[in-house]
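# Sequence and predicted structure are below.
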Amino acid sequence: MPLSSEQDIVMSRQAVRKLTHELKFSLVDQTKMVTAASELSRNTVVYGGGGEMRWQVLTDGKKTGLRLAFEDRGPGIPNLDLALTDGWTSGKGLGMGLSGSKRLVNEFEIRSAPGEGTCVTITRWK
Amino acid sequence: MERIPILQMGRCLLVTIQVDLQDQTALQLQDDLASRIEKTGARGVLIDISALEIVDSFIGRMLAGISGVARVLDATTVVVGMQPAVAITLVELGLSLEGVRTALNVERGMQMLQTAEKEAGP
Amino acid sequence: MKQDNAAIEEILTTHEEDILREWLADLTSSGSRRSDGAAASLTDGRELLHTLRAGIRAGADAGQFESAEAWAPARAVLDTLSGTRAAKGASAGETSHFVLSLKRPIFKRVQERVGARPDELMNAIWLVSTVVDRMAQYTVSTFQKTREDVIGRQQQELLELSTPVVKLWDGVLAVPMIGTLDSSRTQLVMEALLQRIVDTGSELAIIDITGVPTVDTLVAQHLLKTVTAIRLMGADCIISGVRPQIAQTIVHLGIDLAGITTKASLADALALALRKSGYTVTRTKS
């Protein structure tokens, strides 16, 4: 789904809530995933100049999981290592929520380079 | 865009957040509260988040911001009704909400505000 | 092949009652415990025979027993059979024995029918044997799966039972932690405790770690997270049951307990909790 306005951040939260609810994630896991989505959606809209969120339901034998990808064509992140440490700030506020989001999910992948945009992929297993 | 209503009860301002907040709505709330505190000379602000299922870093910063501004304007802020799932997620997120006082529910929150007011003096 | 199928099918139809009777007689004489009585075994047996017959009539390949559509009814009957017997405590051996005992009555009649023609006899027996073997194998794997599900459920229950949240007093809850504190345990405790705090409006929670053998950095982290969450919600926490060795380990590891109150015994923690809640305990001499 597209992420270009503030409204979309709210929509992405609702979409992820619906997805995790349907997949019968526990309440805490739902909350963690929705919160992570909120952080990353905001990054995409505010710092990435807009982009999109994609989702994919995964089944690995017995396990079920949800994978979300947040992609933008924005300025990209110059120093990834620094961005992933706690408390790093680029705009107002408590850092870009990247390091925090990382802790909320089981798998976290980020691809970004200056001028090439950013793509963050997160996965949560039931 | 909706505005969150602010109720006045004596020397306290009450805010109940019941909707999924858009970023702008949150910022508007911060501004509205600041001017209401100033206008009414309120000594306490109670923010009820028992209906909030998600508190991300933006909302967290908003709450911390309100708390800070209120303190400068000589008012105490209490955030009440945080849901367990939200608390667990916030801890994992690493958001400490430093300087924000919390209480389990509105009743306790009001008690806290009254105690704070008494201690602070006239 | 088709001829054999037809022949076997005919045997199964014509001699159904006899086969059933002999089968059950064999089972009794072999001392197989029929955990659910003769009537149930009869019904099970009859159903199984019918599905066997149907499969053979359809010319289904015995080698595809687990997947072929034609064997689906047979699989369904075996699922129920295996499931109910497992629930009643029968072993995998007993259930597969039940299925395998089907061979002798059928072989007997096959021999009566085509005994004079050795090739046909061989093919027919091989066919029946393969199918019945696969059926027995199927019951064993289904049985195992059912047991695994039961074990999984019991493990879950054990996990939940081992961390009860108790109300010590108005507004004071306690959780006795027993055993090793790993992240899944702690998560469970955290959720249960936080929910109870909200439900009861208790402002104080005591986490007793008397039953926790070791506290390392990871365990301490888990405890810290729990306490932080409790405080975020507007309640507070006391950790009790801190033995001298644990206290030493904590200091040694340089773990910062960030202003969390700790007490050596649950009794001390309760006393503190009551004081904090504004209660005084006086003793009235009788």
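Thanks, I have the structure now.
# Looking at whatever helix or strand residue C:49 lives in now, give me its mean pLDDT.
Of the helices and strands defined by DSSP states H and E, residue C:49 is found in helix C:37-57. For helix C:37-57, mean pLDDT rounds to 79.
# Show me what secondary structure element comes after that helix.
helix C:72-87.
# Buried residues in that next one, which are they?
C:73-75, C:77-78, C:81-86 (16 or more other CB atoms under 10 Å in any protein chain shown). Every C-beta, even on glycine, is put in place using the N, C-alpha and C of the backbone.
# Just the C-alphas of the helix or strand that comes right after that helix, formatted as CSV.
Scanning the chain past helix C:72-87 towards its C-terminal end, the next helix or strand to appear is helix C:92-100 (assignment: DSSP H and E). Coordinates of each C-alpha in helix C:92-100 appear next as CSV, following Å, rounded to 0.1, in the frame of the first residue of the first chain:
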residue,chain,number,x,y,z
ALA,C,92,1.1,-47.5,18.8
GLY,C,93,2.0,-51.2,18.8
GLU,C,94,-1.5,-52.1,19.9
THR,C,95,-3.2,-50.1,17.2
SER,C,96,-1.0,-51.3,14.4
HIS,C,97,-1.4,-54.8,15.7
PHE,C,98,-5.2,-54.3,15.3
VAL,C,99,-4.7,-53.4,11.7
LEU,C,100,-2.1,-56.0,10.9
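# which parts of helix C:92-100 are buried?
C:92, C:94-100.
# likewise stretch A:73-87?
For stretch A:73-87, the buried set under the neighbour-count rule, 16+ other CB under 10 Å, comprises A:74-77, A:83-84.
# how far out from the middle of the chain is it?
Counting by CA atoms, centre = their mean, to the nearest Å, stretch A:73-87 is centred 14 Å from the centre of its parent chain.
# orientation of the helix holding residue C:49 relative to helix C:92-100 in degrees?
Here helix C:37-57 runs at an angle of 60 degrees relative to helix C:92-100 (axes from the mean of the first three to the mean of the last three CA atoms, to 10 degrees).
# that older thread, quick one: which of the buried residues of stretch A:73-87 is nearest chain B?
Taking CB to the nearest CB as the measure, residue A:84 is the one of the buried residues of stretch A:73-87 closest to chain B, at 12.2 Å.
# Looks like the closest one contacts residue A:100 (just checking).
No - in this structure residue A:84 lies outside contact range of residue A:100 using CB atoms under 8 Å: 10.2 Å.
# OK, contacts around residue C:233?
Each residue near residue C:233 by CB atoms under 8 Å, 6 or more residues apart in numbering or on different chains is listed here: B:82, B:84, B:87, B:102, B:104, C:194, C:197-198.
# Which of the residues you listed fall in strands?
Among these, the subset assigned to strands under DSSP state E consists of residue B:102.
# among the contacts of residue C:233, which are within reach of chain A?
With CB under 8 Å from any CB of the partner chain as the criterion, the members of the contacts of residue C:233 in contact with chain A are residue B:84.
# Just give me the closest of the contacts of residue C:233 to chain A.
For those, the residue nearest chain A by CB to the nearest CB is residue B:84; the value is 7.8 Å.
# mind listing what the closest one touches?
The neighbourhood of residue B:84, defined by CB under 8 Å, 6+ apart, consists of A:28, C:191, C:194-195, C:197-198, C:229, C:233.
# pLDDT-wise, what's the bottom of those residues?
Least confident of the contacts of residue B:84 in the model: residue C:191, at 89.
# name the element that residue belongs to?
Assigned by DSSP H and E, residue C:191 belongs to helix C:183-200.
# who does the helix or strand just after that helix pair up with?
Read in the C-terminal direction, the helix or strand following helix C:183-200 is strand C:204-211, with elements assigned using DSSP H and E. Paired with strand C:204-211 in the same sheet, following DSSP bridges, are strand C:172-178 (parallel), strand C:236-240 (parallel).
# Report the inter-axis angle for strand C:204-211 versus helix C:183-200.
Using the same axes, to 10 degrees: strand C:204-211 against helix C:183-200 is 150 degrees.
# Using PDB, write out every CA atom in strand C:204-211.
What follows is strand C:204-211 as a C-alpha-only set of coordinates in PDB (Å, rounded to 0.1, in the frame of the first residue of the first chain):
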ATOM      1  CA  LEU C 204       2.500  -3.100  44.000                       C
ATOM      2  CA  ALA C 205       3.900  -6.300  42.600                       C
ATOM      3  CA  ILE C 206       6.300  -8.600  44.400                       C
ATOM      4  CA  ILE C 207       8.400 -10.900  42.200                       C
ATOM      5  CA  ASP C 208       9.900 -13.600  44.300                       C
ATOM      6  CA  ILE C 209      13.000 -15.200  42.900                       C
ATOM      7  CA  THR C 210      13.800 -17.600  45.800                       C
ATOM      8  CA  GLY C 211      13.200 -20.500  43.400                       C
END
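# buried ones in it?
Residues of strand C:204-211 classed as buried under the neighbour-count rule (16+ other CB under 10 Å) are C:204-209.
# And for stretch C:222-233?
By 16+ other CB under 10 Å, the buried positions in stretch C:222-233 come out as C:222-233.
# related to what we said a few turns ago, what helices or strands is the helix holding residue C:191 leaning on?
Where contact means 3 or more CB pairs under 8 Å, 6 or more residues apart in numbering or on different chains; DSSP states H and E, helix C:183-200 is packed against helix B:84-93, helix C:118-161, strand C:172-178, strand C:204-211, helix C:217-233.
# what's the closest of the ones you listed to residue B:37?
Ranking the helices and strands packed on helix C:183-200 by distance to residue B:37, with CB to CB as the measure, places helix C:217-233 first at 23.8 Å.
# Check what pLDDT residue C:34 gets.
Residue-level pLDDT assigned to residue C:34 equals 54.
# let me redo that: residue B:1
According to the prediction, residue B:1 has pLDDT 65.
# Residue B:72: which of the contacts of residue C:233 is nearest?
residue B:102 (19.8 Å).
# List the residues that contact that closest one.
Residues in contact with residue B:102 (CB under 8 Å, 6+ apart) are B:78-80, B:82, C:231-234.
# can you check residue A:76 too?
Taking CB under 8 Å, 6+ apart as the definition of contact, the neighbours of residue A:76 are A:112-118.
# Which members of the residues you listed occur in strands, if any?
Secondary structure assignment (DSSP E) places A:112, A:118 from the contacts of residue A:76 within strands.
# By mean pLDDT, show me the worst of the helices and strands packed on helix C:183-200.
Of all the helices and strands packed on helix C:183-200, the minimum mean pLDDT falls on helix C:118-161 (a mean of 83).
# The helix or strand that that helix is followed by packs against which elements?
Once helix C:118-161 ends, the next helix or strand along the chain (criterion: DSSP H and E) is strand C:166-169. Contact partners of strand C:166-169 among helices and strands, from 3+ CB pairs under 8 Å, 6+ apart: strand C:172-178, helix C:266-276.
# If I take the first one and helix C:217-233, what angle do their directions form?
Going back to what we said before, that points to strand C:172-178. With the same axes, to 10 degrees applied, the angle from strand C:172-178 to helix C:217-233 works out at 160 degrees.
# Can you give the contact residues for strand C:172-178?
Residues lying outside strand C:172-178 but in contact with it, judged by CB under 8 Å, 6+ apart, are C:162-168, C:185, C:189, C:192-193, C:196-197, C:200, C:202, C:204-212, C:266, C:269-270, C:273-274, C:277.
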